[in-house]
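*Asks:* compute the structure for the input listed below.
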Amino acid sequence: MNKTLTIILCLIACISCGKKQKGEIFKPAVIGGNGEVLAVINDDIKNDTSGHYLADMLGDHIVGLNTPEPMFDLQTVPHGYFDRNMHNFRNIIDINVHDSIKNGDIGYYEDRWARPQAYIRIDANNKAELLYLLQKEHMKIMSFLLKKERERMMAYNKSIPHVSLSEKVGNQWNIDICIPNLFSPCNPPDKEAMSWFMLEDEDSQMGMFVYDFPYIGEGTLSKVYLLNKRDSLLRANIEGPQGSYMCTEIRFGLDEIIYKSGKHKKMDVVELRGLWRMEGYPMGGPFILRAHHDTINNRIIVTDGYVYYPRREKKRNKLRQLESIMYSLNIKNETTK
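*Replies:* Residues are numbered from 1 along each chain as shown. A predicted model of the protein is given here:
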């Protein structure tokens, strides 16, 4: 499925990028799979401490998964072999270390040679300075690459919208959301309490719930409160085989649930990552939940996505596909710019 999605993305990019606008320089579509990064780095740097730091940074495990998966899949090529055929790669980190470089720096560029491309150029006088720059801008590098990956997927979703489903979910919860036509609506027992849509094949299933509840104070966005609300809704609406029901995996403690707060278009947002399971049946997998504080309507609006992929270890790209849908959310009748 991931290979098919990559092919589709590349075809869409070819169509969109191949249409040269008036006064615009033609740039081809990016190549490479979801989450792949090409580092242009010579072997002496690659095998140095700074090169190891780069590999560890990109290969750091994603939190909230039941099996270890890297943030990015790293490929490397020396400068001497980095030709025009590789300029179209989706994510490029170009590392240049030379004693002629006086001021080390990291530059971040979009669509350097192709669209939609993330290009990072790192210039350093020596290996020690390179390591310093990587450590200093660790989070900025990762955020830049992750944002570009998410934007590509959001553009893909927008190109194949499930118009009726997006409108139905949007109207029920007073939101705008872009759901791709790969997903189909489901029917929970209490349709007033939650919306549910799903993408399923013979090997996997991933889906998303949308629901809301009143905001009653700061504690409404706490980990415990959000999980209690989640499990209450799931137990009542998501039934499995032999009388089982979906719930959050907390048997090893609440610390296993990753909690992060931030902003989304001026809204306070809390993100939870962890594992779900079926109580009473051997099923489970990762989930991601984003709870948005809608101050206009004094409520919390939740997008809650899950993946079930028992025959494959890699679930990263499926979670990111769900995440891209979540990031399309806007509250109606609220200024979000």
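*Asks:* state which helix of this protein is the longest.
*Replies:* helix 138-159 (DSSP state H).
*Asks:* other SSEs contacting it?
*Replies:* helix 2-18, helix 49-58, strand 91-97, strand 105-110, strand 118-124, helix 316-326 (3 or more C-beta pairs under 8 Å, 6 or more residues apart in numbering; DSSP states H and E). From N, CA and C alone the C-beta is placed, and that goes for glycine too.
*Asks:* name the residues that touch the third one?
*Replies:* Right, the one you point to is strand 91-97. 32, 36-42, 45, 54, 72, 79, 82, 112, 117-127, 129-130, 141, 145, 148-149 (C-beta atoms under 8 Å, 6 or more residues apart in numbering).
*Asks:* okay, buried residues for the longest helix of the chain please.
*Replies:* Neighbour counts over helix 138-159 (16 or more other C-beta atoms under 10 Å) mark 141, 144-146, 148-150, 152-154, 156-157, 159 as buried.
*Asks:* for stretch 160-168, same thing?
*Replies:* 161, 162, 165, 166.
*Asks:* these in helices, which ones?
*Replies:* 165, 166.
*Asks:* what about the stretch 101-250 of the chain, any weak spots by pLDDT?
*Replies:* Judged against pLDDT under 70, the stretch 101-250 of the chain has no low-scoring part.
*Asks:* all strands of it, in order?
*Replies:* Using DSSP state E, counting those that start in this stretch, the strands of the stretch 101-250 of the chain run over 105-110, 118-124, 175-176, 184-185, 195-200, 205-214, 245-248.
*Asks:* which of these sits closest to residue 303?
*Replies:* strand 205-214 (5.7 Å; C-beta to C-beta).
*Asks:* contacts for the closest one?
*Replies:* 169, 172-173, 175, 177, 183, 186, 188, 193-200, 220, 229, 233-234, 238, 294, 298-309, 318, 321-322, 325-326.
*Asks:* same question for stretch 253-271.
*Replies:* Residues from elsewhere that reach stretch 253-271 (C-beta under 8 Å, 6+ apart): 63-64, 221, 223-224, 226-227, 248-250, 272-275, 288-295, 327, 329-331, 335-337.
*Asks:* now do the contacts for the closest residue to residue 321 other than its chain neighbours.
*Replies:* In space, and not counting its chain neighbours, residue 321 is closest to residue 153: 6.0 Å by C-beta to C-beta, 6 or more residues apart in numbering. By C-beta under 8 Å, 6+ apart, the residues touching residue 153 are 34, 320, 321, 323, 324.
*Asks:* what do you get for residue 272?
*Replies:* Counted by C-beta under 8 Å, 6+ apart, residue 272 has contacts 223, 226, 227, 257, 258, 259, 260, 287, 288, 289, 291.
*Asks:* and it, how far from residue 259?
*Replies:* 6 Å (C-beta to C-beta, to the nearest Å).
*Asks:* likewise residue 159?
*Replies:* For residue 159, the distance to residue 259 - C-beta to C-beta - is 33 Å.
*Asks:* then residue 72?
*Replies:* From residue 72 to residue 259 the distance is 23 Å (C-beta to C-beta).
*Asks:* neighbour count for these two, which is higher?
*Replies:* More crowded of residue 72 and residue 259, by other C-beta atoms under 10 Å: residue 72, with 22 against 16.
*Asks:* among the contacts of strand 205-214, name the buried ones.
*Replies:* Buried, going by 16+ other C-beta under 10 Å: 169, 173, 175, 177, 183, 186, 188, 194-199, 220, 229, 233-234, 238, 294, 299-309, 318, 321-322, 325-326, out of the contacts of strand 205-214.
*Asks:* thinking again about what came up before, spatially, which two of the contacts of residue 153 are the most separated?
*Replies:* Across the contacts of residue 153 (C-beta to C-beta), the longest gap, 12.0 Å, separates 34 and 323.
*Asks:* can you flag which of the contacts of stretch 253-271 belong to helices?
*Replies:* Those of the contacts of stretch 253-271 lying in helices (DSSP H): 223, 224, 226, 227.
*Asks:* could I get those as JSON lines with neighbour count and distance to residue 96?
*Replies:* JSON lines is the format used below for the ones in helices among the contacts of stretch 253-271 (neighbours: other C-beta atoms under 10 Å; distance: C-beta to C-beta, whole Å):
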{"residue": "223", "neighbour count": "15", "distance to residue 96": "44"}
{"residue": "224", "neighbour count": "11", "distance to residue 96": "49"}
{"residue": "226", "neighbour count": "22", "distance to residue 96": "46"}
{"residue": "227", "neighbour count": "19", "distance to residue 96": "47"}
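*Asks:* biggest separation within those residues, which pair?
*Replies:* 224 and 226 (7.4 Å).
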